[in-house]
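Peer 1: got a predicted structure here, sequence first:
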Amino acid sequence: MKLIDAHCHLEPKDFPTTAEVIARAREQGVVHAVVVGQFQKPGDFGFALDAARAHPDFLTPSMGIHPHDAAAALPADWLELERLCALNEIAAVGETGLDYFYNHSPKAEQVEAFHRQCGLAKQLKKPVIIHVRDAHDECVEVLRSEGMREGMIHCFTGDTDAARKYLDLGFFLSISGVVTYKKSEALQAAVTFAPLERLMVETDSPFLAPLPFRGKKNEPGHVGHTARKVAELKSLDADEAALTCARNTQQLLRLRVELE
């Protein structure tokens with residue numbers, strides 16, 4: 001099985017030794033991972049770029065300002081985000097989006113930050129990585145208004161109706177370990193509905209570990225369990241499903257990865 005983890009976080013507070021995480025992932029058939037860089041606090045965009053530079057054969061970084069932190073970013077941080085995202089090694093803008101479940105930042109500031117990062121992605125001709133929770137209609141409205149056609153809905157947990165709207169816009173759906181949980185029937189139905197050619201698999205490490213690791217720290221090496229569940233839902237061979245999801249991630253993010 002060849003796998004790409006389409007979205008993970010590898011900050012030192014969670015994973016002090018990146019090399020060990022990568023070694024465990026390789027043992028499970030993971031050939032590459034997208035490590036998400038995001039604003040941590042004023043003047044700090046985290047460890048993702050450093051990690052990717054230390055392991056360029058395995059990690060490709062993105063960079064963004066999460067909706068949780070939209071209100072905390074200062075003008076200097078927005079300038080730094082623009083500088084970082086313009087780097088050739090940064091494959092995508094994000095994660096950005098809307099989170100109306102926690103509302104750690106006011107909705108208006110989340111929307112403004114989302115629009116701003118969509119504009120940056122268009123300017124740089126790079127895809128956008130989107131976080132959305134309890135805000136699918138509002139998210140679709142922003143994407144339509146910005147004319148966004150290239151990106152992924154990370155950790156998609158919506159139903160078939162939400163999936164259809166994102167697919168109609170041209171987006172990929174990235175599926176996390178949540179799909180393995182017993183009470184995720186609506187998500188499982190959406191995965192069954194969506195074409196395999198528009199799906200990815202991810203861990204969102206260190207969060208949302210799939211069964212049988214639920215409740216434990218997640219890491220890229222666990223992404224195969226999600227791929228197998230996707231294959232089961234679509235009545236496909238697990239190796240075939242994993243490889244197609246990997247190719248989808250490679251295509252969207254223009255990854256230099258050998259999959260054949």
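Peer 2: Structure received. As the structure is a computational prediction, the values presented were derived from the model and not from experiment.
Peer 1: mind listing what Val21 touches?
Peer 2: Contacts for Val21 were tallied using C-beta atoms under 8 Å, 6 or more residues apart in numbering; they are 10, 15, 219-221. (Each C-beta comes from the backbone N, C-alpha and C, glycine too.)
Peer 1: format these as JSON lines; extra columns: secondary structure.
Peer 2: JSON lines is the format used below for the contacts of Val21 (DSSP: H, G, I helix; E, B strand; the rest coil):
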{"residue": "Leu10", "secondary structure": "coil"}
{"residue": "Phe15", "secondary structure": "coil"}
{"residue": "Glu219", "secondary structure": "coil"}
{"residue": "Pro220", "secondary structure": "helix"}
{"residue": "Gly221", "secondary structure": "helix"}
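Peer 1: of the residues you listed, just say which sits nearest to Phe172.
Peer 2: Of all the contacts of Val21, Phe172 sits closest to Pro220, with 18.4 Å by C-beta to C-beta.
Peer 1: distance of that closest one relative to Val35?
Peer 2: For Pro220, the distance to Val35 equals 9 Å [C-beta to C-beta, to the nearest Å].
Peer 1: ok, back up a step: who wins for neighbours among the contacts of Val21?
Peer 2: Within those, most neighbours by other C-beta atoms under 10 Å means Pro220, with 29 neighbours.
Peer 1: can I get stretch 229-236 in PDB, CA atoms only?
Peer 2: Provided in PDB are the C-alpha atoms of stretch 229-236 (Å, rounded to 0.1, in the frame of the first residue of the first chain):
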ATOM      1  CA  LYS A 229     -12.200   2.400   5.500                       C
ATOM      2  CA  VAL A 230     -12.700   4.500   2.400                       C
ATOM      3  CA  ALA A 231     -12.000   1.400   0.300                       C
ATOM      4  CA  GLU A 232     -14.500  -0.600   2.300                       C
ATOM      5  CA  LEU A 233     -17.200   2.000   1.900                       C
ATOM      6  CA  LYS A 234     -16.600   2.100  -1.900                       C
ATOM      7  CA  SER A 235     -16.200  -1.700  -2.200                       C
ATOM      8  CA  LEU A 236     -12.700  -1.300  -3.600                       C
END
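Peer 1: so what sits against both of Pro220 and Val35?
Peer 2: Listed as contacting both Pro220 and Val35 by C-beta under 8 Å, 6+ apart are Cys8.
Peer 1: give me the beta-bridge partners of Ile153?
Peer 2: Counting by DSSP bridges, Ile153 forms beta bridges with Ile130, Leu173.
Peer 1: which ones are touching the closest residue to Ala73 other than its chain neighbours?
Peer 2: Nearest non-adjacent residue to Ala73, counting by C-beta to C-beta, 6 or more residues apart in numbering: Ile65, 5.2 Å away. By C-beta under 8 Å, 6+ apart, Ile65 lies in contact with 38-39, 73, 77-78, 81, 96, 113, 117.
Peer 1: return the subset of these lying in helices.
Peer 2: Using DSSP state H, 77-78, 81, 113, 117 are the members of those that sit in helices.
Peer 1: which one of those residues is nearest Lys2?
Peer 2: Nearest member of these to Lys2, counting by C-beta to C-beta, is Gln117, at 30.8 Å.
Peer 1: which SS class is Val132?
Peer 2: Strictly by three-state DSSP, Val132 counts as strand.
Peer 1: do Asn248 as well
Peer 2: helix.
Peer 1: I'd guessed it sits against Arg198; true?
Peer 2: Yes - using C-beta atoms under 8 Å, Asn248 is in contact with Arg198, at 6.9 Å.
Peer 1: more neighbours, the two?
Peer 2: The residue with more neighbours, out of Asn248 and Arg198, is Asn248; 23 against 18, by other C-beta under 10 Å.
Peer 1: distance check, Cys85 against Pro56.
Peer 2: 18 Å.
Peer 1: my bad, should have said Asp44
Peer 2: Asp44 is 22 Å from Pro56, by C-beta to C-beta.
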